[in-house]
Structure formats: C-alpha cells, structure tokens
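A.B. asks: sequence? don't have it. structure:
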C-alpha cells in the first residue's frame, strides 16, 4: 500500500490570516461593555451586589464614631484599655506645644487618637479642637513629649484598620 502526503487544507473557519484587526476587537469589547452597563448585569453601581469578578465599591467611613469603634475593637484584642472620648490635651516638649481635643485618650498609657479625615478637617479650621497640620508635623514616630499620638488619616475601613494595626505593633514593642 502506497501512502501519499498532501498539504493540509482548511475549510471556512478561523485562521490566523483571518484574525480580527485591533480596531474590530476594541469595538466589539466596547459594545459588550456598553450593553452590560446599560443592562446593569452583575454591576454593583447598578444597585446589585458584588459578585465573583466584580469590583465592590469601598464605602467611606461617615463619622468619628465608626473610626473610634474600629480602633477600640482592634486594640481590645491585644491590649484591653479604657479610653476617654474628646479629651482636651495640651502637650509641651522643649521647643513646641500641641493643643487639641483627642478623639480618644488613655491617661495611664498616655495614648491619644486623632482621626484627621473628619469633616472638620476639610474646612481647614484653625482651632484648638483639632490637630493642625503644623502640629501633626511635630509628631515623630507616633511620639510627642511623653505621649503616644496615633494620627489616623484614612477614610476607608481597610486604611483605618491597617493604620491601627501598625500602631498596635509599634506600641507593643515599646
């Protein structure tokens, strides 16, 4: 029996010579995306819930109470302490003075907590009720005078938790 080798032939179908141009591929993707958005399919912004592969929106913390509760919950796990709320502080070192109302304060451990993303910071107020940017610059490595001051700048839960966890690790090493 004699075998003959022939060149392969292809019928109508996809081949590398028939590949879509980049413009056609981008246009097809844009059409699919547009239809998905209009239909609200699997979309958090359309009022649905985050599903596999969808990006959930990050809700911002609305008030100081939410931030302070995160701090207390995380701190309670490692070092149970009681904190006073809205405590007026006036701290002095040899060169500078910091005067503000701490969101939370523990006088035994000398730990003050201040959330600087609260709505009163966006108004650029200059009062002794808040820690100003000049005063914040005086705090080096969480410490001013003999007081530990945790400045929390974030507005998202994951940012606040990360900042508090870093402070707790720092404080426990002292």
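C.D. replies: All right, it came through fine. This is a predicted model, so every value here is computed, not measured. Numbering: from 1, shown residues only.

A.B. asks: run the chain-centre distance for the longest helix that the chain contains.
C.D. replies: Across the chain, the longest stretch assigned as helix under DSSP state H is helix 22-39. Offset of helix 22-39 from its chain centre (Cα atoms, centre = their mean, to the nearest Å): 31 Å.

A.B. asks: tell me the first helix or strand C-terminal of that helix.
C.D. replies: Per DSSP states H and E, helix 22-39 leads on to helix 64-78 as the next helix or strand towards the C-terminus.

A.B. asks: go through that following helix and flag the buried ones.
C.D. replies: Using 16 or more other Cβ atoms under 10 Å as the test for burial, helix 64-78 gives 64, 67-68, 70-72, 74-75. For the C-beta atoms, the positions are set from N, CA and C on the backbone; glycine is no exception.

A.B. asks: list just the nearest of those residues to residue 150.
C.D. replies: Taking Cβ to Cβ as the measure, residue 150 lies nearest residue 71 of the buried residues of helix 64-78, at 7.8 Å.

A.B. asks: how close does that closest one get to residue 137?
C.D. replies: Residue 71 sits 22 Å away from residue 137, taking Cβ to Cβ, to the nearest Å as the criterion.

A.B. asks: then residue 58?
C.D. replies: 28 Å.

A.B. asks: cool, and residue 131?
C.D. replies: Applying Cβ to Cβ to residue 131 and residue 137 gives a distance of 10 Å.

A.B. asks: who has more neighbours out of those two?
C.D. replies: Neighbour tally, residue 131 and residue 137, criterion other Cβ atoms under 10 Å: the higher count belongs to residue 131, 24 against 9.

A.B. asks: where in this structure is pLDDT low?
C.D. replies: Applying pLDDT under 70 to the chain flags the ranges 1, 9-21, 35-57, 118-128.

A.B. asks: can you tell me the element the residue nearest the centre of it falls in?
C.D. replies: The centre of the chain sits closest to residue 159, judged by Cα atoms, centre = their mean, with a distance of 3.4 Å. Using DSSP H and E, residue 159 sits in helix 157-172.

A.B. asks: mind telling me what element residue 85 is part of?
C.D. replies: Using DSSP H and E, residue 85 sits in strand 84-92.

A.B. asks: which neighbours does that strand have in its sheet, and in what orientation?
C.D. replies: Next to strand 84-92 in the sheet, as set by DSSP bridges, lie strand 97-106 (antiparallel).

A.B. asks: okay then, goodbye and thanks.
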